[in-house]
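Student: Sharing a model prediction with you, sequence too.
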Amino acid sequence: MFYREAGDFNTSYAQDQQTFPIKFDRYRYYLVLFVAIFVIPFMVNDYWVNSLFLPFLIYAIAAIGLNILVGYCGQVSLGTGGFMAVGAYACYKLMTAMPDVSMFIHILLAGVITAAVGALFGLPSLRIKGFYLAVATLAAQFFLVWLFNRVPWFYNYSASGQISAPERDTFGILITGPNTDAWATYMFCLIFTVGSALVARNLTRGSVGRKWMAIRDMDIAAEIIGVNPLRAKLTAFAVSSFFIGISGALFFSIYLGAVEVGEAFGIQKSFLVLFMIIIGGLGSIFGSFAGAAFLVLLPVLLKIVGVDWLGWPTDIVAHLQLVIVGGLIIIFLIAEPHGLAQLWRVAKEKLRLWPFPH
């Protein structure tokens, strides 16, 4: 009853294949975009942008990238933090080597460089799978962090070993550095988040996505029916690393401004993004957004309720967050492996029929 489908019919293949076939879904999507573009930038301040919106937008891109690899192609990866570091350091080198080039180009080129590195580390997936592939990507995580720590060229021989984003503007508006406006950084990240979601959605619905899912479901059967495992797996690693590299570049240049690779892109970052797609839902673009929103909002809500309202010590609240996340992962893996995205799909089906049982 909430979904008025009477008279909502399709007259072409393009309408039948669109992302949101029900008008109510399309209108809701347009409303969310309208609020994100024309309302939030005029209402946010530095606190809301730095504590909620920027982490959510950046982690959503990283979750989309990892979901393509793990959820759609079935290749386990624990190297997300290392690939984010590749994007961050590539962006830093590009910003310092080509200061007059637009930041949009720097971010995209950082994604391309990360895609090449990801495809290189994806080569073992042609021979190994499952736990052994997870260990191989974990080795990539440790190797990349070690490389950026030990080779001074990557941080331009800085005595501190850190990299700092210089001030850069786009269309005359500062988007990096300490003097940026909250709305400018928010809009810059929003452009990449919306673009990444659209590209990922169309890739997963097309022939490339069907090849990834065939490899995920049964790689031997996929090869028999004509899917090239080499091309499918390497494209999944490359596309996944491209999105993760973009998120790493934004995380460094827009959000933090200065990073030390071991602290910002350690193994905990890899597990954080993995937890996002497990809780949000594997094989779902919406699940990537839901998982990112949940794990970004959870610490803020726990701080407000536990520290500000109840007066609990901050260390207890921090440990409580770990307990909640761990418990939810166990519950979702057992009770609902497809995560929050599946719960949302079930709720929509109920709303389409309510108040009737079937």
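Tutor: Structure received.
Student: list the contacts for the closest residue to residue 233 other than its chain neighbours?
Tutor: Counting by Cβ to Cβ, 6 or more residues apart in numbering, residue 233 lies nearest to residue 125, which is 4.8 Å off, once chain neighbours are set aside. Where C-beta positions appear, they are placed from N, C-alpha and C, glycine not excepted. The neighbourhood of residue 125, defined by Cβ atoms under 8 Å, 6 or more residues apart in numbering, consists of 75, 133, 136, 233-234, 237.
Student: what's the closest of those residues to residue 169?
Tutor: residue 237 (33.9 Å; Cβ to Cβ).
Student: where's the closest one, which helix or strand?
Tutor: Residue 237 is part of helix 229-250, with elements assigned from DSSP states H and E.
Student: helix, strand or coil for residue 227?
Tutor: Following DSSP: H, G, I helix; E, B strand; the rest coil, the label given to residue 227 is coil.
Student: What's the local residue count around it?
Tutor: When neighbours are counted by other Cβ atoms under 10 Å, residue 227 registers 18.
Student: I'd say it and residue 209 touch.
Tutor: No. Assessed by Cβ atoms under 8 Å, residue 227 is found out of contact with residue 209, at 11.9 Å.
Student: Now do the strands in the stretch 1-150 of the chain.
Tutor: For the stretch 1-150 of the chain, applying DSSP state E, counting those that start in this stretch gives no strands.
Student: Okay, now the unreliable bits of it?
Tutor: For the stretch 1-150 of the chain, the stretches flagged by pLDDT under 70 are 1-7.
Student: longest single helix anywhere in the chain?
Tutor: helix 182-205 (DSSP state H).
Student: Which residues does the helix or strand that it is followed by contact?
Tutor: Using DSSP H and E, the next helix or strand after helix 182-205 towards the C-terminus is helix 207-217. With contacts defined as Cβ under 8 Å, 6+ apart, helix 207-217 is touched by 68, 72-74, 203-204, 221-222, 225, 227-229, 231-233, 235-236, 283.
Student: Stretch 28-41 now?
Tutor: By Cβ under 8 Å, 6+ apart, stretch 28-41 touches 20, 53, 183, 186-187, 190, 194.
Student: for the stretch 251-358 of the chain, what spans make up the helices?
Tutor: Counting by DSSP state H, counting those that start in this stretch, one finds helices in the stretch 251-358 of the chain at the ranges 261-264, 267-280, 285-302, 314-335, 339-353.
Student: could those go into CSV alongside mean neighbour count?
Tutor: CSV is the format used below for those (neighbours: other Cβ atoms under 10 Å):
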stretch, mean neighbour count
helix 261-264, 18
helix 267-280, 22
helix 285-302, 21
helix 314-335, 13
helix 339-353, 16
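Student: Out of those helices, which is closest to residue 176?
Tutor: The closest of the helices of the stretch 251-358 of the chain to residue 176 is helix 261-264. By Cβ to Cβ, the value is 15.8 Å.
Student: Alpha carbons of that closest one, in CSV - could you do that?
Tutor: The C-alpha coordinates for helix 261-264 follow below in CSV (Å, rounded to 0.1, in the frame of the first residue of the first chain):
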residue,chain,number,x,y,z
VAL,A,261,50.9,5.3,7.3
GLY,A,262,51.1,3.0,10.2
GLU,A,263,48.5,4.9,12.2
ALA,A,264,46.1,5.9,9.5
